[in-house]
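**Q** Here is my input, please return the structure:
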Amino acid sequence: MRQLKAFLFFIVLFNAITAFAQPDKDKVVKLHGKKYYIHIVVKGETVYGVSKDFNLAVKDLVLENPKAMDGISPGDTLDVPFAVPVVPATAGIPQQDTLKYIYHKVLPKETLYSMTKQYGVSMAVIDSLNPELNDKGLRIGMILQIPNHHLSVSGAPPITTIVTQSSQPKPDSAKQAQAFKNLVNGLNTAIAPLPPKVQGQLLKRYNIVVMLTFSPQEADSVKMNHMMDGSQQLPLLMQIATDFYAGLKIAFDSLAMQGFDANLNVYNVPPDSASHRIDSLLTLPAIASANLIIGPPYPGLLSRVAKYALQHQIPIVSPLSGENSVLKDNPFVSKAVPSAMTEMEQTADYVALHHPKDNIIMVRNADAPDDDFYDVFWKRIRASLSIVNPGADSVVKEARYTDELDDLGHTISPIKDNVIVVPYQGASFVPKLVNQLANSKYNDEDSICIFGMHNWSNMDVLDPNNLDTLHLHYASNEYVDYKDRNVIRFIQKYRNLYYSEPMYYAFQGFDLGYYYGTMLKKYGTALQDNLINEKYKGVHTSFDFYRPLPGGGLENKAVYMLEYRNYSIVKDSLLAR
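**A** Residues are numbered from 1 along each chain as shown. Got it, this is the predicted structure:
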């Protein structure tokens, strides 16, 4: 039943997505001495929508296309007239203002995006100087006030960066507690105060663009009768996108009840999209006027859209990928999923805080491909322990992995609790090590606690009994407490709407939508400047942003420490809060 409902939801959603689709660039012809765009109607378009796209009055479009009075259908051809350009007037405007500002009269086919390119200013600046845009939208003949780009633009939204100091507080000083708090918050060094909160322009309605991979071509392989008897499921990419969007939609519906108004423009971006397809998508007016872009979900596609977002100063969030490269040199990107490196650093902080006097052992396998995580943990744990337990460098031991666990056995203490860290994601030796260690003489006294990595929870070859025996801990940004009343309310809402149970990505979509929607509602056009100041504890994902590098984007560092305990996964604590 769930698969059938999800499939029907996808069909409805895909029809909605096509309403936002646009054809390639319209041809320009000359008819009866006048210039026209020749526009081919696509599915979902209306006369009103086409007129709005071309900055025309509906009556002007219908006068040129009388048949459109009865409606339009996919494949219809419309003659869309050019309007006669009018030179912007500045009559009645004080001379000093004409020096400080440019007064632009909107011409047909112009968009806010084209004006930002023409004058070198952001959409936020244009919005702040022309509040009538919120009420009426962009209209032909409207006079817009735009800062003269030769002068300084005081209204431009500030780009905040965090400046770190190179010196580290001495562990025996009075600042020890604060220094460790800074370290647990994801920073190896002392940090300057957070930037002040910035209040942007609050809009009556926000434009939110969502780019997901629905892969509608896979729908052809879905057989309804097989869906009904349970022998076939929705393709994975389609399932991820529909679940995520379902949760996202619930979040924005909830915010709408609180007075938040937003246009949700949804686009399908297949994983194999060519660059020209992405570039074509980025010419659409709805994207140029966006206040927030969510997606695409995959780093390669997101990087291309993120460049566009940087050029036009539009906040963009990477919703599903932990890849950090999208943050480089782009302060308008935020990433909802912490990287594996960040989870490894948080694990080191957790071990330092909770096990400073235990026997800490790091397992190293020189033949494994994941040595980067080992190096990150080793550097971080030593820095952490130097603050928590000064002079404790010798507490961290290194054991080389061997098939017989000889070296590891020599480092295990018979009188202390042993914390064994295995910082490898997909190494083939991990299942063997876990199995041998759980059933070895070294674990007779139940003295071993093993710290692995997030993806271990998805390894089918790892026996849950062994993980429970070794008290596996791993850092993760995802956890659903089914006893939490907010979780229960979300599940009930989801069931009422979709007659099925929410899965992983539905929870994630809800948290992301609710957090970013709340930030837009609270800070308006200054959303990006305030993400670093506002934390959020969700039903699945929490948010706590920091800037890894000056001038770059924001990474979410809100990480839970999860533990296998009594054959279930329990949340130990939320780190970095």
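**Q** Could I get the contacting residues of Asp572?
**A** 473, 560-563 (Cβ atoms under 8 Å, 6 or more residues apart in numbering). Glycine gets a C-beta too; all of them are placed from N, C-alpha and C.
**Q** Just the buried residues of the residues you listed.
**A** 473, 560-563 (16 or more other Cβ atoms under 10 Å).
**Q** Nearest to Val28 among these?
**A** Comparing these against Val28 with Cβ to Cβ places Tyr560 closest, at 56.2 Å.
**Q** Could you measure from that closest one over to Ser476?
**A** Look at Tyr560 and Ser476: by Cβ to Cβ, to the nearest Å, they are 6 Å apart.
**Q** Could you give the number of residues near the residue lying closest to Leu212 once chain neighbours are set aside?
**A** Excluding its sequence neighbours, the residue lying closest to Leu212 (Cβ to Cβ, 6 or more residues apart in numbering) is Ala241, at 4.2 Å. Ala241 is flanked by 30 other residues according to other Cβ atoms under 10 Å.
**Q** Quick one: neighbours of Asp329, just the number.
**A** Residues near Asp329, counting by other Cβ under 10 Å: 11.
**Q** nearest to Leu520, of the contacts of Asp572?
**A** Once Cβ to Cβ is applied, the member of these that ends up nearest Leu520 is Tyr560, at 26.1 Å.
**Q** Please state the backbone phi and psi of the closest one?
**A** Taking degrees, to the nearest 10, you get phi -90, psi 150 for the backbone angles of Tyr560.
**Q** rewinding a little: in JSON lines, list the contacts of Asp572 along with secondary structure and pLDDT.
**A** Compiled in JSON lines, the contacts of Asp572 are given as follows (DSSP: H, G, I helix; E, B strand; the rest coil; pLDDT from 0 to 100):
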{"residue": "His473", "secondary structure": "strand", "pLDDT": "92"}
{"residue": "Tyr560", "secondary structure": "strand", "pLDDT": "89"}
{"residue": "Met561", "secondary structure": "strand", "pLDDT": "90"}
{"residue": "Leu562", "secondary structure": "strand", "pLDDT": "90"}
{"residue": "Glu563", "secondary structure": "strand", "pLDDT": "89"}
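**Q** got a list of what Ile491 touches?
**A** 482, 501-502.
**Q** Quick check: it is in a helix.
**A** Yes - counting by DSSP: H, G, I helix; E, B strand; the rest coil, Ile491 is part of a helix.
**Q** Of the contacts of Ile491 - the most surrounded one?
**A** Pro502 (26 neighbours).
**Q** Asp243 versus that residue, what's the distance?
**A** For Pro502, the distance to Asp243 - Cβ to Cβ - is 7 Å.
**Q** next one: Ala368
**A** Taken as Cβ to Cβ, the span from Ala368 to Asp243 is 33 Å.
**Q** Which one's more surrounded, these two?
**A** Remark: of Ala368 and Asp243, Asp243 carries more neighbours, 24 against 20, as counted by other Cβ under 10 Å.
**Q** quick revisit: show me which of the contacts of Ile491 is closest to Gln492.
**A** Pro502 (10.2 Å).
**Q** Ramachandran angles for Ser457?
**A** Dihedral angles of Ser457 (phi, psi; degrees, to the nearest 10) stand at phi -70, psi -20.
**Q** Ramachandran angles for the closest residue to it other than its chain neighbours?
**A** Spatially, and ignoring its direct neighbours in sequence, Ser457 is nearest to Tyr474 (6.7 Å; Cβ to Cβ, 6+ apart). In terms of degrees, to the nearest 10, the main-chain angles of Tyr474 are phi -150, psi 150.
**Q** ok, now Arg485?
**A** According to degrees, to the nearest 10, Arg485 has phi -70, psi -30.
**Q** which residues sit in contact with it?
**A** Arg485 neighbours (Cβ under 8 Å, 6+ apart): none.
**Q** now Ile314
**A** 123, 290-293, 308, 332.
**Q** tell me which of those residues is nearest to Tyr514?
**A** For these, the closest approach to Tyr514 (Cβ to Cβ) belongs to Leu292, at 13.1 Å.
**Q** The closest one contacts Tyr206, doesn't it?
**A** Yes - in this structure Leu292 lies within contact range of Tyr206 using Cβ atoms under 8 Å: 7.0 Å.
**Q** Output the lowest mean pLDDT helix or strand found in this protein.
**A** helix 224-229 (a mean of 44; mean pLDDT, DSSP states H and E).
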